[in-house]
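make a model of this:
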Amino acid sequence: MVQIEGNYQHEKSENLDKFFEKMGLPWAVRKIVCNVSPGLKITQSGDEWKLVFTTPVKDQTIKFKLGEEFEETNPMGEKMQCSAAFADDALVISSKGEQKMGKRTLKFHETGILMTFEGNGFEETATRHFKRV
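The predicted structure follows:
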């Protein structure tokens, strides 16, 4: 299995603006989200996982235990109910908010992460590529 814990840096995104537009994010929020290059630190302590996304605008920390529901706040400030599980050597985080459901899949490989965003009810997907640093 590939080493998961560590530090990563965003390299590039594909279709992110179009995906977030379909999800209903306002133009200004989309531009900020799509034009930042986040760092990502993943740690595990016992059965608790922690993902810390760092940007010049705002940092976001997600803490969870696999298989247990947790709360996360999206870029518009909406609270979402989430759950996380490993499937096929990828971390899958499923989210449900007031109007939208979706999931992020973090596929780990030797040199980084391919993060894929999917929304329920539409075919648009987006990806973010992170390299291990």
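
so who does the residue nearest to the spatial centre of the chain touch?
When C-alpha atoms, centre = their mean is applied to the chain, the residue found nearest the centroid is residue 104 (5.3 Å). Taking C-beta atoms under 8 Å, 6 or more residues apart in numbering as the contact definition, residue 104 lies against 92, 93, 95, 115, 116, 117, 118. Just so you know, the C-beta spots here come from the backbone N, C-alpha and C atoms, and that holds for glycine as well.

report the buried residues of the particular helix or strand that has it in it.
Following DSSP states H and E, one finds residue 104 within strand 101-109. Going by neighbour count (16 or more other C-beta atoms under 10 Å), the buried part of strand 101-109 is 102, 103, 104, 105, 106, 107, 108.

try stretch 60-79
Residues of stretch 60-79 classed as buried: 62, 64, 72, 74, 75 (neighbour count, 16+ other C-beta under 10 Å).

mean confidence score for it?
Summarised as a single mean, pLDDT over stretch 60-79 is 89.

can you check stretch 102-114 too?
Mean predicted lDDT for stretch 102-114 stands at 95.

how distant is that stretch from the center of its chain?
Centroid displacement of stretch 102-114 relative to its chain, using C-alpha atoms, centre = their mean, to the nearest Å, is 9 Å.

again, but for stretch 92-109
Relative to its chain's centre, stretch 92-109 lies at 7 Å (C-alpha atoms, centre = their mean).

report the separation between the residue located most distally from the centre of the chain and residue 22.
Distance to the chain centre peaks in the chain at residue 46, reaching 21.5 Å (criterion: C-alpha atoms, centre = their mean). Between residue 46 and residue 22 the computed distance is 37 Å (C-beta to C-beta, to the nearest Å).
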